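Chemist: Here you go, sequence then predicted model.
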Amino acid sequence: MLKGIYVMLPQVFENVYRAETQERISKHVDIIAGNMSAEELLADLSILKEVDVIFSGWGAPVFDETLLRATPNLKALFYGAGTLKSVLTDSFWEHNVKVTTANVANAIPVAEYSVAGILFALKNVWKLSSQVRKDKAYQLGLFAPVVGNYQSTVGIISLSQVGRMVIEHLKHFDVNVIGYDPYVSQEEFNQLGVKSVSLEGLFEQSDVVSLHAPLLPDTEGMIKKEHFESMKENSSFINTARGAIVDEVAMIEVLKERQDITALLDVTFPEPPEEDSLLYTMENVVLTPHIAGSAGNEQARLGVYMADELERFIQGESLKYEVNQVQFNRMT
């Protein structure tokens, strides 16, 4: 039987790897210690000599050359969280270790949050709710300004994992979907039933713009002042990707001038915003504390996906969510 350990933040360990998931894993792996934090592991690496597999997630140690040399038998890393960007180093790819992530599982709630935000934005929920609170009265039958969820246009920036899930969900509604992704072929756009447009065209035509691009050198600051300035009247912008993709200073400047535009921001840069940031007080900004990803019961899905991957690994099957170096380099 393989020998393994868990290494991740103690406060979320049992949310991700629930008792039933740990039981599934224990059928195939002799877990030789209780869950350790990265700090506890790094204080004494001797346990790694026996380890074949590691189950981890938020709070994972950095897999640098020192840690990898201390783990001579490591065959696979099961990462029950999203991006591996802060976990793996260049050395990892030289040690012939398989790595799989619950990135897809984490994309599910992000897509769900985005769709909820899109539908609420089209109904102008946040502004009207605030108006009712002030007026203590309803404007029955008027509800202006409301775009509505019929024949409106939703713009998806990046046909990433999350972007594609959002597109799939939106097929259940009477909305038109347009998209921007320079790395996706016209044939793929056609298969998804999405009209391909330029980034500029997407901002000009959309009633809601939903951002799902990875943060890469090419995308940092990609969304600029002129994009926000060109948005349709009473349109909305949603960011569940990364704050640094947006020129936030320019965005705030436009939002101050364009009170008709609403911004739903689950991510910002920096995160959280500085204490004196206008994002906290602007009436046309809705801030949520980076909750689009797995939260509450959704975290258990991450562990289940890793238990599924372990069973494929034991059976000698291809891992469904294995990450190679090329894919890793494109991760946000």
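Modeler: Nice, thanks for sending it over. What you are looking at is a predicted structure, and each value in this text was computed from that prediction instead of being measured.
Chemist: And the lowest-mean-pLDDT helix or strand in the chain, how far out from the chain middle?
Modeler: In the chain, the helix or strand scored least confidently by mean pLDDT, DSSP states H and E is helix 325-330, which has a mean of 83. Centroid displacement of helix 325-330 relative to its chain, using Cα atoms, centre = their mean, to the nearest Å, is 16 Å.
Chemist: hey, C-alpha coordinates of that helix in CSV?
Modeler: In CSV, the C-alpha atoms belonging to helix 325-330 read as follows (Å, rounded to 0.1, in the frame of the first residue of the first chain):
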residue,chain,number,x,y,z
GLN,A,325,4.1,22.3,-17.2
VAL,A,326,2.6,24.0,-20.2
GLN,A,327,-0.8,24.1,-18.5
PHE,A,328,0.8,25.3,-15.3
ASN,A,329,2.4,28.2,-17.1
ARG,A,330,-1.0,29.4,-18.3
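Chemist: And the contacts of it?
Modeler: Leu84, Lys85, Leu88, Trp93, Pro214, Leu216 (Cβ atoms under 8 Å, 6 or more residues apart in numbering). Heads up, the C-betas are built off the backbone N, CA and C, glycines and all.
Chemist: how about 7 Å then?
Modeler: With Cβ atoms under 7 Å, 6 or more residues apart in numbering as the test, helix 325-330 has contacts from Leu84, Leu88, Trp93, Pro214.
Chemist: what's the closest non-adjacent residue to Val104?
Modeler: Spatial nearest neighbour of Val104, chain neighbours left out: Tyr321 (5.7 Å); criterion: Cβ to Cβ, 6 or more residues apart in numbering.
Chemist: for the one you found, what are its contacts?
Modeler: Taking Cβ under 7 Å, 6+ apart, we find Tyr321 in contact with Thr100, Thr101, Asn103, Val104, Tyr305, Glu309.
Chemist: for Asn73, same thing?
Modeler: Listed by Cβ under 7 Å, 6+ apart, the contact set of Asn73 reads Val51, Asp52.
Chemist: What ranges does the stretch 101-250 of the chain have for its helices?
Modeler: Counting by DSSP state H, counting those that start in this stretch, the segments of the stretch 101-250 of the chain that form helices are 103-122, 125-135, 161-170, 186-192, 199-205, 225-229, 248-257.
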